[in-house]
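>>> Just a sequence and a predicted model for now, questions to come.
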Amino acid sequence: AMGVRGEAGSNVNETAAGEFLDMYNTEAQRVFSANAAVSWAFNTNITDENRQKSIQSDLQTDLWRQNMSHQAAVFNTSGFDPDMQRQFYKIKDIGTAALEDVAKLEELNSVLAQMSTIYSTARVCLTKTDCLPLDPDITREFEKSRNEERLRRLWVGWRDESGKKMRQLYTQFVDLSNEAVKTLGYADTGDYWRSKYETETFEQDVASLFEELKPFYTELHAFVRRRLKAQYGDSVFPASGHIPAHLLGNMWAQQWNSVQNLLMPYPDQPILDVTAEMVKQEYTAERIFHVADDFFASLGLTPMPQEFWNGSMLEKPQDGREVVCHASAWDFYNGIDFRVKQCTEVTMEHFSTAHHEMGHIEYFLQYKHQPVVYRGGANAGFHEAVGDVISLSVETPKHLHDIGLLPTLVENNEADTNFLMAMALQKIAFLPFGYLIDQWRWSVFRGQTHPSDYNKAWWKLRCELQGVSPPVARTEDDFDPGAKFHIPNNTPYIRYFVSFVLQFQFHKALCDAAGHTGPLHTCDIFNSTEAGTKLGEMLSMGSSKVWTEPFQALTNQTRMSAQPLMDYFQPLMTFLQKENGQDKGWQPDCPNLDPISSAGQASLHYLLTAL
Ligand SMILES: CC(=O)N[C@@H](CC(=O)O)C(=O)NC[C@H](CC1(C(=O)N[C@@H](Cc2ccc(O)cc2)C(=O)O)CCCC1)C(=O)O
Ligand SMILES: [Zn+2]
C-alpha cells in the first residue's frame, strides 16, 4: 500500500504531503534502480570507465536525495499520522548525502570507489610471475595449508597489498563522512550509524551482550589454542596466551570452521564439513543456490524469481574481468530485479554463504510492496540474520543427511559434541571479531583514535578482546583494518554481532512455531509453513516500524538476549570447561614481537640450549 494518509481533506498540508510521498516513491524507484544498475556494472567489471560512471551515479543520487530532503523539510509534519511522520523522517535521514559542498561530495564518493578498487584488485606475488588474488586462491590456501611459513607470508602480503595502500584515503573518508553527518546534527559517523537502531541504550546493550558471552568464547579459545599448539609446536605461540592470527584457517581469524578437522573433540566420528561430498557429487554454483531456494520455498516463502537466475553472477568470470568477489545481495528497488553476486566455490563455506545471501533476497522480496523508505531490515541485524537462521536448520547433521550430503548419520553424544564444536567455530569464534570492528571504527569517528594510532588501536582490540596476535610485528606504516572488506567498502559491522545474537532468538521462535521438541541445536524447520508464515509476517514489515514491534511479533520478546545462543551451546560449554580446567585466558596486551627482541629471544634460546 502506498504511504498511509490521514483522512482526506483534513488539512491541505496533509493532502499535499500525501502527493509528495507518492511522487517520492515513484521517483525513488527510478533513481535508485538506475544507480543500482551502474553500481552493479562497476562491481561486475572493475574498469576506470565503470568506476567513473559509478562515482557520477552515486553523486547524482546523493544530490537527488539532498533535493528531496529539502522539499520534505517544507512540510510541517507535527499533525500527521505516525506513519506519514516516519516516512518524512526517513526521507530527510540522508546520511553522507547531506554534504552541501558538491566537490567534497564527489571526493567522498571517489575516495570510497578507490578504496573498493584497491581491495578487490589486490594480489599477492609470492614469486615474480605467481600473483594470487584473495578469491579463490589465497582464501583456499588459508583453508587448506598447514604450512606456518607460507600462511605467514600470505598474511603479511595481503595486508601490504590491501590495507597498507589505503591508509591516507581512509583518513580523508573519515573527515568527509564526519563533516557530512554533522550537517544533520549527528556528533560523528558512528553516532549516525548507531541511530539506525532507534534504541537509546544500543551501545551499552551490545557491550553487555559481549560481556555475557565472553566466558563461552574464552573456553573455545583455550581448547583451540591447545589443539593448534599440538599441530604447530609451542614455539610458534607467544607466552602471552594469544593465538597467532594466521593459523585459524581464515585471513582475519574471524571464524575457525576451516580448521575444524584439527579441532574435533572426537576425531573418529564422521566429518561434518561436507565439502568433499559436494565435490564428489559434482555440485555446481547453480545447484548450491537451487538447494537454498528449495528451503525457502519449503517454508512457503517466495522462491527466487526468474530475473534472479537471469541477472545474478553466481561464479567468478573466467574472461579476465576484475570483479568484486566479496559476496553480496542486491535490491534494484524496482520490485523486479533482485540479484546475488558471489564468486562461488564448491565448499561448505560457500554453501552457507549462498543461504546468507539468499536470506537478503528473501527479505527484499517480502517487503517489495512497501514504500521505498521502508525497504530495509527492521534493523540491519535483522537483514543479516535471515539467511543464517535458515542455515541453522540446513547445517544440522539430520538435514545434511536428508539432502544427501552426509552419507552416514551418526546420532550419539560424541557426534553431537563434534557438531556443536563445528557450529561454535562459526558462531562463538566470531563474536569478539563481530564486536570489535565497529569498536575500532566508532573510536576513529569520535576522534578518540587518531590516524597516528590506527594500527595500535586495532591490535589493542584484537589482542585484548579476541586473544589473537599478529604473526609478525606491526607498525603505523601498516593499516590492517583496511585488509578487511567492510572497512574500505564502508559497510557497518556491528550488524553481524547483533545478527549472531538475534538469529538464535529467531531460531528458537521458529522452532517453537514448527512444533520442535528437544534441544535447540537439533531443530530443522524445513517444510514448516507455520514457521515460514511467522517469518514472512516479520519480513514483510521491512523498516515500517521500530524493530521491537516485528521482533515481538515473532519472538514474544522485546529485547536482544544471548540466552537462546547460550542454551544452544550449553552442552559444548560443559565439555570444554571439563577439558580446559584452568588452562585458559590470555594477557590483554599484545605480545612483544619487535624484531630486536625476538632476535634477542632466539639467540638467548640458542645460548641456553648450547650451554
Ligand atoms: C548491496 C549490498 O552490499 N548488500 C549487502 C546486504 C544488504 O545490506 O542488504 C551485502 O550483500 N553485503 C555483503 C555481505 C557479504 C558476507 C559478509 O561480508 N559477511 C561478514 C560476516 C559474516 C560472516 C559469516 C556469516 O555467516 C555471516 C556474516 C564477513 O564475511 O565478514 C560474505 C559472507 C557472508 C556475508 C553480506 O551479505 O552481509
Ligand atoms: Zn549479509
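Received the coordinates, thanks. Ligands and ions are numbered 1, 2, ... in the order given.
>>> How about this protein: which residue is closest to ligand 1?
Going by CB to the nearest ligand atom, ligand 1 is nearest to S328 of the chain, at 3.2 Å. From N, CA and C alone the C-beta is placed, and that goes for glycine too.
>>> so how far is M358 from that residue?
Applying CB to CB, to the nearest Å, the value for S328 to M358 is 12 Å.
>>> Could you tell me which residues touch both of the two?
Listed as contacting both S328 and M358 by CB atoms under 8 Å, 6 or more residues apart in numbering are V340.
>>> So for those two, which residue has more residues nearby?
Using other CB atoms under 10 Å as the criterion, S328 and M358 rank with M358 on top: 24 against 18.
>>> Report whether the helix or strand harbouring the more buried one contacts ligand 1.
Using DSSP states H and E, M358 sits within helix 348-366. Yes: Helix 348-366 reaches ligand 1 (CB under 6 Å from any ligand atom) through 352-353, 356-357, 360.
>>> The next helix-or-strand element following that helix packs against which elements?
Under the assignment DSSP H and E, the closest C-terminal helix or strand after helix 348-366 is helix 380-394. Applying 3 or more CB pairs under 8 Å, 6 or more residues apart in numbering; DSSP states H and E, one finds that helix 380-394 makes contact with helix 285-298, helix 348-366, helix 494-513, helix 529-539.
>>> switch the cut-off to 10 Å
Packing partners of helix 380-394 (3 or more CB pairs under 10 Å, 6 or more residues apart in numbering; DSSP states H and E): helix 285-298, helix 348-366, helix 397-402, helix 413-427, helix 494-513, helix 529-539, helix 548-555.
>>> Can I get the last one as PDB, trimmed to CA atoms?
What follows is the C-alpha trace of helix 548-555 in PDB, where atoms were taken according to Å, rounded to 0.1, in the frame of the first residue of the first chain:
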ATOM      1  CA  THR A 548      11.000  -4.100  18.600                       C
ATOM      2  CA  GLU A 549       7.500  -4.400  17.100                       C
ATOM      3  CA  PRO A 550       8.300  -7.000  14.400                       C
ATOM      4  CA  PHE A 551      10.700  -8.600  16.900                       C
ATOM      5  CA  GLN A 552       7.900  -9.000  19.500                       C
ATOM      6  CA  ALA A 553       5.500 -10.400  16.800                       C
ATOM      7  CA  LEU A 554       7.900 -13.200  16.100                       C
ATOM      8  CA  THR A 555       9.600 -13.900  19.400                       C
END
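>>> Around ligand 1, pick out the residues from the stretch 151-300 of the chain.
When proximity is defined as CB under 6 Å from any ligand atom, the stretch 151-300 of the chain approaches ligand 1 at Q254.
>>> where are the low-confidence patches of the stretch 151-300 of the chain?
Counting by pLDDT under 70, the stretch 151-300 of the chain contains no low-confidence range.
>>> Quick one: neighbours of the nearest residue to K90 once chain neighbours are set aside, just the number.
Computed as CB to CB, 6 or more residues apart in numbering, the closest residue to K90 that is not its neighbour in sequence is V373, at 4.0 Å. Neighbours of V373 under the rule other CB under 10 Å: 21.
>>> So for V373, what's the pLDDT?
As predicted, V373 sits at a pLDDT of 98.
>>> related to what we said a few turns ago, what residue, apart from its backbone neighbours, is nearest the residue of the chain closest to ligand 1 spatially?
K341 (5.3 Å).
>>> same thing with L510?
A531 (4.1 Å).
>>> where's the one you found relative to N379, distance?
The gap separating A531 from N379 is 21 Å, by CB to CB.
>>> Looking at the two now, which is surrounded by more residues?
Shown here are A531 and N379; by other CB under 10 Å, A531 has more neighbours (29 against 24).
>>> Surely the more buried one and E537 touch.
No: A531 lies out of contact with E537 (CB atoms under 10 Å); the separation is 11.0 Å.
>>> quick one: common contacting residues for these two?
Common contacts of A531 and E537, defined by CB atoms under 10 Å, 6 or more residues apart in numbering, comprise L554.
>>> returning to what we had before: how near is the residue nearest to K90 to W256?
40 Å.
>>> I118 now?
27 Å.
>>> quick one: which of those two has more around it?
Neighbours were counted for I118 and for W256 using other CB under 10 Å; W256 has more, 26 against 18.
>>> Could I get the phi/psi values of that one?
Note on W256: its backbone torsions stand at phi -120, psi 20 [degrees, to the nearest 10].
>>> Make sure it is actually in contact with E349.
No: between W256 and E349 there is no contact under CB under 10 Å: 11.7 Å.
>>> shared neighbours of those two, anything?
With CB under 10 Å, 6+ apart, W256 and E349 have common neighbours 249-250, 426.
>>> which of those are buried?
Buried subset of these (neighbour count, 16 or more other CB atoms under 10 Å): 249-250, 426.
>>> my guess is I403 meets D294, correct?
Yes: applying CB under 10 Å, one finds I403 in contact with D294, separated by 8.5 Å.
>>> anything in contact with each of these two?
The contact sets of I403 and D294 overlap at F526 (CB under 10 Å, 6+ apart).
>>> Grab the nearest non-local neighbour of the residue nearest in space to the middle of the chain.
With distances taken as CA atoms, centre = their mean, Y496 lies nearest the centre of the chain, 4.9 Å away. Spatially, and ignoring its direct neighbours in sequence, Y496 is nearest to G434 (4.5 Å; CB to CB, 6+ apart).
>>> Tell me, how many residues neighbour that neighbour?
Residues lying near G434 (other CB under 10 Å) number 24.
>>> and V372, what is it in contact with?
Per CB under 10 Å, 6+ apart, neighbours of V372: 21, 24-29, 31-32, 87, 90-91, 331, 333, 335, 542.
>>> now do C343
C343 is in contact with 133-136, 139, 285, 313-317, 323-327, 350, counting by CB under 10 Å, 6+ apart.
>>> Show the buried residues in those.
Taking 16+ other CB under 10 Å as the criterion, what is buried in the contacts of C343 is 133-136, 139, 285, 313-314, 316, 323-327, 350.
>>> My reading is that P488 lies in a strand. Confirm?
No: assessed with DSSP: H, G, I helix; E, B strand; the rest coil, P488 is coil; it does not lie in a strand.
>>> Output the below-cut-off pLDDT ranges for this structure.
Along the chain, segments meeting pLDDT under 70 span 1-12, 594-611.
>>> quick one, strands of it?
All strands of the chain, identified by DSSP state E, fall at 123-125, 131-133, 243-244, 328-331, 338-341, 468-469.
>>> which bits of this structure sit near ligand 1?
Residues of the chain lying near ligand 1 by CB under 6 Å from any ligand atom: 254, 326-330, 352-353, 356-357, 360, 383-384, 388, 485, 496.
>>> quick revisit: and the angle from the helix holding M358 to helix 285-298?
If you take axes from the mean of the first three to the mean of the last three CA atoms, to 10 degrees, helix 348-366 sits at 50 degrees to helix 285-298.
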